[in-house]
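Engineer: My questions are about this predicted structure, shown below with the sequence.
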Amino acid sequence: MRTDFDFTPYRRSTVGFDHLFDLLEKGQRGDTSDGFPAFDIVRDADDRFCVTLAVPGFKADEIEIVAQQNQLSVSGKPAEEDATRAYLHRGIARRAFERRFQLADYIEVGRASFADGLLTIELSRVVPEAMKPRKIEIGSSVGRPQRIAAPKDEALEKA
């Protein structure tokens, strides 16, 4: 009997990337991907991150980046190769790939750049003002509303 578990609630305590949960989900799905392309995730500041993928041999127009809901997907499909080229050894991987990253809440995908076989994607954490903690000032008794005294009715006093 196989039971599928959803690890999404446990990811929320992370910034959006947790290798342990990736391994658990990979084992659960029976995923046999070889981890291509290699990638780094760097925290530039408390609210800024950078994902760098090593994609040697690819051109920028052969790579697609899609951000949808809480997921970042990077895929690449190499162009047709020159059939006249005879390789004696082929060590640079030029195969199609798709790499998905689960993003935490409020992570927004910024710009992407491509240079020297490295694809760099900038991410930032943007929490809406309504979700940010705010300080509540404690008022003093000086600012309390005052009681309003009703005017005295002379007819009631004489009675």
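Structural biologist: Great, that's in hand.
Engineer: where does Val66 sit relative to Arg100, distance-wise?
Structural biologist: Look at Val66 and Arg100: by CB to CB, to the nearest Å, they are 10 Å apart. All C-beta atoms are positioned from the backbone trio N, CA, C, and that covers glycine.
Engineer: and for those two, which residues touch both?
Structural biologist: Leu72, Ser73, Val74 (CB atoms under 8 Å, 6 or more residues apart in numbering).
Engineer: Whichever of those residues end up buried, select them in PyMOL.
Structural biologist: In PyMOL syntax, the buried subset of those is picked out as below (16 or more other CB atoms under 10 Å):
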select buried, resi 72+74
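Engineer: Just the closest of the shared contacts of Val66 and Arg100 to Ser113, please.
Structural biologist: Val74 (13.1 Å; CB to CB).
Engineer: what about that closest one, which helix or strand?
Structural biologist: If you go by DSSP states H and E, Val74 is part of strand 71-76.
Engineer: Sheet partners, orientation included, of the next helix-or-strand element following that strand?
Structural biologist: Under the assignment DSSP H and E, the closest C-terminal helix or strand after strand 71-76 is strand 97-102. On the basis of DSSP bridges, the sheet neighbours of strand 97-102 come out as strand 71-76 (antiparallel).
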